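Undergrad: kindly generate the corresponding structure for this input.
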Amino acid sequence: MAKHLVVVESPAKAKTIEKMLGKGYTVQASYGHVRDLPKSKLGVEVEENFAPHYVIPTKVRKNVTKLKELAKKADLLYIATDEDREGEAIGWHIQKVLDMPPEKVRRVAFHEITKEAIDEAFAHPRQIDEHLVDAQQARRILDRLVGYKLSPLLWKKILRRLSAGRVQSVALRILAEREREIKSFNPEEYWKIGLNLSKASGPKFDTEVVLEEGKIANQEQADGLVAKIKEASVHKIIEVKKEERKRNPSAPFTTSTLQQAASTQLGFSVKKTMLIAQQLYEGIDVDGTGPKGLITYMRTDSTNLAESAVKAARAWIEKEFGKEYLPASANVYKTKKKGAQEAHEAIRPSYPDLTPEQVAGKLSDDHLKLYRLIWQRLMSSQMLPALIDTQEVRVDSNGVISRVNGAKVKFAGYAKVLTKWPFTETELPELNEGDELNLHNVEASQHFTEPPARYTEAALVKQMEKMGIGRPSTYAPTITTLITRGYVEREKRTLFPQDLGLQVNDFLVEHFPTIVDFDFTAKMEEDLDKIADGETDWVPVIRDFYNPFIYQIEKKDQELKSEKPADVETDEKCPLCESTLLIKAGRFGKFKACSNFPTCKYTASMEEEGGEKPKDDKTGQPCPTCGIGVLTLKRGRFGNFYGCSKYPECKHVENIKKENDIEMKCPKCKEGDVVTKRTKRGKVFWGCNKYPDCDFASWEEPVVDKCPSCGGFMNKPAKKGYPVCTECGFEDKDVKA
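TA: Numbering: from 1, shown residues only. From the prediction side, this is the model:
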């Protein structure tokens, strides 16, 4: 029997596919990229047509060795990486690393991990698409050139360890401009006047005054209108407009619309949405027969649906709701987004007839919520529109016109399948033109115009897509990078630009306007699309960008003086040497430091409002170590903590859990909590609060979720910014390099 080696990115995907292929196939995970640009240097030979210098990262060398051993024994190598540009590039790197002759290499691609799709893909393999590889390679080189050439300039002129990125910096500008718009916003006064009316016999209803010239400007105008209304001898309906309106279903999900819907309806972050979607795509055991891919590929900008999926959806709709909810022919959606890959599919259930109720007991709450959202979107997209009976009623009160709108669902249509009713109904009594009404109350209220809202993650993704900035695979990692760098803070779902982020943005806008220009960045995405389509070569695209870019870098390096934030002197004294304390700006915000540095290295965080040192506060709880003293709130170099009041006789201390601490049990002892700690030199690490009874410690940030592949402990290395399993090496594919 022939021996075939199949290489995919993740072990979860490998398990699912190996089960479907059966004997004769060995399916092995590459754990993501097997080659990449080196971290220690640029890795791009600018003078040699931007030739990239690839290396095998240390973390995957052991796995690459295993792949090479398996490849030697294989008759054929099947590359089954994801069907997008990055998946194509990963496959190309795998072929190069394994040094397999082209005649022994097959590329298989599929939108879903089902038996039918896998069999079809393996029955019709193709070669690696060099154009897709070139497009991804060009993106990687562009991003490397921007990051490695522009970031050091930020270090010199503002603050060390800052970063700039081709898409990241444009996204930051979107947030910064909205923040400045909010800060400069001047609220304007306006008034509303509401009337409470009814027919002689009938329920009451409310109307609101409308003016042809716009809003009611001030109280004087409002009082005048109220007086006129009260003086009216009759309140008469002068117009009743009735209309039947259609509400069409939404198109099937793309990456962007899924992220937006999951944010607004489920409260998921963009990163969480993609992580869960990845796991649903790669396979979960829902029937005891092994992992099964539940949704199609989750990185797509197409709203296209496979004919088989449409047929299955229509069959389910007719069976469940009847023909009256089914259009005569299938609804077809065309993506309006420029550059969308219509050959790809939208995000949909792999098995349309597998309802959320059927898998409810087999999925976690979050997996089920996202699966239900995707499943309902597919079904609703293939149903008839909803019909809404609307009416607009206008009332004349002594020349003052007020209005009320009513709406009632006549036919639910696509909404029949949704969990949450998407319409707001306002039912009015029977009202006709010429009816005279009784006035029960009239009231004026003062209001002020509101500034535009800050972007949520969902709104930022929508804006980036609208502007043509980034692609489906880049939205989540872009937002994650902004947060990781300290440029932006996320509170619930809202993104708040920080002082450091605003300063970096201002620097880039002033000195590198092209880099953060919306149209320029969108044009660059179009150029990458042209490379992928084989319409242009990648080297001229890079050269046209790089030559003016590096000229500007060198010019600004000579011209600009440092814009590092100035230290602010305080009236406080250093508790160690009595020198004056200064307020300094660091990568993670402001902090206090001794002016006698480096002789004195005292520092203190400024977490407390005003940076004041709190007084020791006894909690009344006995010390668990000595039983004599009581736990007391104390202030240390790196923030507050609880210590024994009998110090130095008893040196018991307890960390105070902060809002950003990880809510997870210690992976070692299973009893303590994981808390943030610092070494004597101030380096952050994570450890168990049961120390010294438990010695768990990690330099990398622990991740609450267990590895989806082996169930092991995962952490998030700072240099990567995404979770990695400490046991099997699985990498969270939601965040791609």
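
Undergrad: only C-alpha atoms from now on, for both contacts and neighbour counts.
TA: Fine.

Undergrad: tell me the first helix or strand C-terminal of the helix or strand containing residue 458.
TA: Taking DSSP states H and E as the definition, residue 458 sits inside helix 457-467. For helix 457-467, the following helix or strand on the C-terminal side (DSSP H and E) is helix 475-484.

Undergrad: elements contacting the very next helix or strand once past that following helix?
TA: In the C-terminal direction, the helix or strand that comes right after helix 475-484 (DSSP H and E) is strand 488-491. On a contact count with 3 or more C-alpha pairs under 8 Å, 6 or more residues apart in numbering; DSSP states H and E, strand 488-491 meets helix 475-484, strand 494-497.

Undergrad: so which of these is nearest residue 673?
TA: helix 475-484 (23.1 Å; C-alpha to C-alpha).

Undergrad: just the buried residues of that closest one, please?
TA: By neighbour count with 16 or more other C-alpha atoms under 10 Å, helix 475-484 contains the buried residues 475, 476, 477, 478, 479, 480, 481, 482, 483.

Undergrad: of all those residues, which comes closest to residue 602?
TA: residue 483 (27.8 Å).

Undergrad: what's opposite the residue nearest to that closest one when sequence neighbours are not counted in the beta bridge?
TA: Spatially, and ignoring its direct neighbours in sequence, residue 483 is nearest to residue 489 (5.7 Å; C-alpha to C-alpha, 6 or more residues apart in numbering). Here residue 489 sits in beta bridges with residue 496, going by DSSP bridges.

Undergrad: so for residue 489, what's the pLDDT?
TA: You'll see residue 489 listed with a pLDDT of 90.

Undergrad: ok, now which ones touch it?
TA: Residues near residue 489 by C-alpha atoms under 8 Å, 6 or more residues apart in numbering: 483, 495, 496, 497, 498.

Undergrad: the second one against residue 486, yeah?
TA: Spelled out, that is residue 495. No - contact criterion C-alpha atoms under 8 Å: residue 495 and residue 486 do not qualify, at 11.5 Å.

Undergrad: the two: who's more crowded?
TA: residue 495 (22 against 17; other C-alpha atoms under 10 Å).

Undergrad: which element is residue 132 on?
TA: Counting by DSSP H and E, the element that carries residue 132 is helix 130-157.

Undergrad: can you list the buried residues in that helix?
TA: For helix 130-157, by 16+ other C-alpha under 10 Å, it's 130-154, 156-157.

Undergrad: how about stretch 58-69?
TA: By 16+ other C-alpha under 10 Å, the buried positions in stretch 58-69 come out as 60, 63, 64, 67, 68.

Undergrad: just flag the most distant two among these.
TA: Greatest spatial distance among the buried residues of stretch 58-69 (C-alpha to C-alpha): 60 and 68, at 12.2 Å.

Undergrad: what residue ranges in this structure score low on pLDDT?
TA: The model of the chain has pLDDT under 70 over residues 1-2, 335-343, 562-566, 585-590, 605-620, 633-641, 655-663, 678-682, 719, 733-737.

Undergrad: domain-wise, how is it divided?
TA: Annotated domains of the chain cover 4-128, 137-184+453-559, 189-248+386-448, 255-381 [automatic domain parsing].

Undergrad: could I get these as TSV with distance to residue 621?
TA: Listed next are these as TSV, based on distance: least, C-alpha to C-alpha, whole Å:
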stretch	distance to residue 621
domain 4-128	47
domain 137-184+453-559	33
domain 189-248+386-448	48
domain 255-381	38
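
Undergrad: and those: which comes nearest residue 712?
TA: Once the domains of the chain are compared by C-alpha to C-alpha, domain 4-128 is nearest, at 13.0 Å.

Undergrad: distance of the spatially most central residue of the chain from residue 206?
TA: The centroid of the chain falls nearest to residue 270 when counting by C-alpha atoms, centre = their mean (2.3 Å). Separation of residue 270 from residue 206 (C-alpha to C-alpha, to the nearest Å) stands at 40 Å.

Undergrad: now do residue 117
TA: To residue 206, residue 117 is 57 Å away according to C-alpha to C-alpha.

Undergrad: likewise residue 425?
TA: 15 Å.

Undergrad: between the two, tell me which one has more neighbours.
TA: The neighbour comparison of residue 425 against residue 206 (other C-alpha under 10 Å) goes to residue 206, with 17 against 14.

Undergrad: the nearest residue to that one once chain neighbours are set aside: how many residues sit nearby?
TA: Leaving aside its sequence neighbours, residue 206 sits nearest to residue 196 (C-alpha to C-alpha, 6+ apart; 4.6 Å). Per other C-alpha under 10 Å, the neighbour tally for residue 196 reads 16.

Undergrad: pretty sure residue 196 is touching residue 209, no?
TA: No - with contacts counted by C-alpha under 8 Å, residue 196 stays clear of residue 209, the gap being 11.3 Å.

Undergrad: need the strands for the stretch 301-450 of the chain, in chain order.
TA: 386-397, 400-411, 436-448 (DSSP state E, counting those that start in this stretch).

Undergrad: hang on, the earlier thing: could you dump the contacts of residue 489 to TSV with distance to residue 439?
TA: Shown next, in TSV, are those (distance: C-alpha to C-alpha, whole Å):
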residue	distance to residue 439
483	55
495	46
496	46
497	49
498	52
